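Visitor: just a sequence and a predicted model for now, questions to come.
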Amino acid sequence: MRIAIAVSLVLFARLSYPTHPALPAHPALPAQSTPQKPKARLFPPLDLGLLEGADRDQWQKPEEIMDALKIAEGSKVADLGAGGGWFTVKLARRVGQSGRVYAEDIQPLMIEAIKRRVQRENLTNVVTILGTPKDSRLPPGLDAVLIVGAYHEMEDPVTLLKNAADSLKPQGRIGVVDFSPGAGGPGPEPDQRIDAETVIRGATAANLEVIARETIPPFMFMLIVGKPSAARVPR
């Protein structure tokens, strides 16, 4: 009798509570992914003051940069990723009234900041351009394109370099100036910085050649690239 009751209780328990499949002895571990560099962040317009201190002329060395790009009176140049227009003003004064500066940025607030700045400075030789992450919308016939502190923010730098090259005259130059990794200064966080070799690889992918490579101490480096003919023919 007791045995019969025990068997009945076991059968009742099995019918009353659903059974679960056994867990595997060694659960599968999630696939290991290769760590990726964080996506570059666009510089916030509200933080422009961080890049426009009174000492920027000393560490940015704008005159040396413009000399390296052969920018002179009457030149037509573009400031790609112009931000608040700090360098745009330097370019506008260098090229004079007979020249033209195209200040491009993809953030509308930056374009507004540039317009206010050039109005304050009474500059009439600056044209602002609202570009896109893949198209800077630069006009043709440019002597130089300058990219200062913006290459590391670009979503598709190779495409933008190709577009910039298409806008150049045959012997035009593109200058890429950015913050060196580990050099400190007011630039982006360490994990957002790029080195010169990264820019060279991008330029090569865009069918451009390196014309010159320079250091801008204490914080920055500069690469000048151009179409293959520009790299071979002295100016």
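Guide: Received it, and whenever you're ready, just let me know what you need. Residues are numbered from 1 along each chain as shown.

Visitor: within the helices and strands, which one has L91?
Guide: Following DSSP states H and E, one finds L91 within helix 86-95.

Visitor: what mean pLDDT would you report for that helix?
Guide: The pLDDT scores in helix 86-95 average 97.

Visitor: could you do stretch 161-176 as well?
Guide: pLDDT averaged over stretch 161-176 gives 97.

Visitor: what's in contact with that stretch?
Guide: Contact with stretch 161-176 is made by 65, 68-70, 78, 80, 135-136, 138-148, 151, 199, 202-203, 206-208, 211, 222-227, 229-230, 233, 235, as judged by CB atoms under 8 Å, 6 or more residues apart in numbering. Where C-beta positions appear, they are placed from N, C-alpha and C, glycine not excepted.

Visitor: just the pLDDT at the one residue sitting closest to the centre of the chain, thanks.
Guide: What sits nearest the mean C-alpha location of the chain, by CA atoms, centre = their mean, is E153, with 2.5 Å. As summarised for this prediction, E153 has a pLDDT of 90.

Visitor: so it touches G83, yeah?
Guide: No - checked against CB atoms under 8 Å, the pair E153 and G83 is beyond contact range at 9.8 Å.

Visitor: what number of residues lie near F179?
Guide: 22 (other CB atoms under 10 Å).

Visitor: so what pairs up with it in the strands?
Guide: For F179, the beta-bridge partners under DSSP bridges are M220.

Visitor: just want to check the distance between it and L223.
Guide: Plainly put, F179 is 13 Å away from L223 if you go by CB to CB, to the nearest Å.

Visitor: so where is this structure shaky, pLDDT-wise?
Guide: Applying pLDDT under 70 to the chain picks out residues 1-51, 230-235.

Visitor: show me the strands in it, by range?
Guide: 76-80, 100-105, 126-130, 142-148, 168-179, 209-216, 220-226 (DSSP state E).

Visitor: which one of the ones you listed lies nearest to K115?
Guide: strand 126-130 (5.8 Å; CB to CB).
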